[in-house]
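Student: Got a predicted structure plus its sequence, pasted below:
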Amino acid sequence: MKNNPIHDYLISLPEAELDYPFGDDVHVYKVEGKIYAIYFKNKESETINLKCDPVLAEQLRTVFDEVKPGYHMNKKHWNTLDLTGTLPRNEIFRQIDHSYDLIVKKLPKGVKQRLRIVHERLAWL
């Protein structure tokens, strides 16, 4: 995954961890043991599953052709982004942030405080 801006961004988030519970080709990104992104790339496709607020998930699916209900996930709370299309990189990063923030919001107060210290952009939590 060298020189991959998506990976670099995912792993740069506070306390981000990379795991491979589904095999070497499925990259699972977690914070405090909770999944916020699943990245997969092979010869035919490149996708990322991201957690999403259900209302926003539906809106994103109508706005972007590359955003579909989560593949092998709860389709109400997860989207799959096709990264081989024309989805703007800043939109991908925005959706990554949203997914990460949804996970962090549900963490215990002490953990959220520690993450805030590590990364100022989460200060509003």
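Tutor: It's in.
Student: Pretty sure L115 sits against V104.
Tutor: Yes - L115 is within contact range of V104, at 5.9 Å (criterion: CB atoms under 8 Å). All C-beta atoms are positioned from the backbone trio N, CA, C, and that covers glycine.
Student: can you map out the helices along this structure?
Tutor: Secondary structure of the chain, counting by DSSP state H: helices at 5-12, 54-63, 89-105, 109-118.
Student: quick one, which of those is nearest to N79?
Tutor: Across the helices of the chain, N79 has its closest neighbour in helix 54-63 (5.3 Å, CB to CB).
Student: Can you add distance to G70, mean pLDDT and mean neighbour count and give the helices of the chain back as JSON lines?
Tutor: Listed next are these as JSON lines, based on distance: least, CB to CB, whole Å; pLDDT from 0 to 100; neighbours: other CB atoms under 10 Å:
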{"stretch": "helix 5-12", "distance to G70": "16", "mean pLDDT": "94", "mean neighbour count": "15"}
{"stretch": "helix 54-63", "distance to G70": "8", "mean pLDDT": "97", "mean neighbour count": "14"}
{"stretch": "helix 89-105", "distance to G70": "11", "mean pLDDT": "95", "mean neighbour count": "17"}
{"stretch": "helix 109-118", "distance to G70": "24", "mean pLDDT": "76", "mean neighbour count": "13"}
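Student: Any chance you could list what contacts stretch 73-89?
Tutor: Taking CB atoms under 8 Å, 6 or more residues apart in numbering as the criterion, the residues outside stretch 73-89 that touch it are 5-6, 38, 41, 45-52, 54, 57, 60-61, 64-71, 92, 95.
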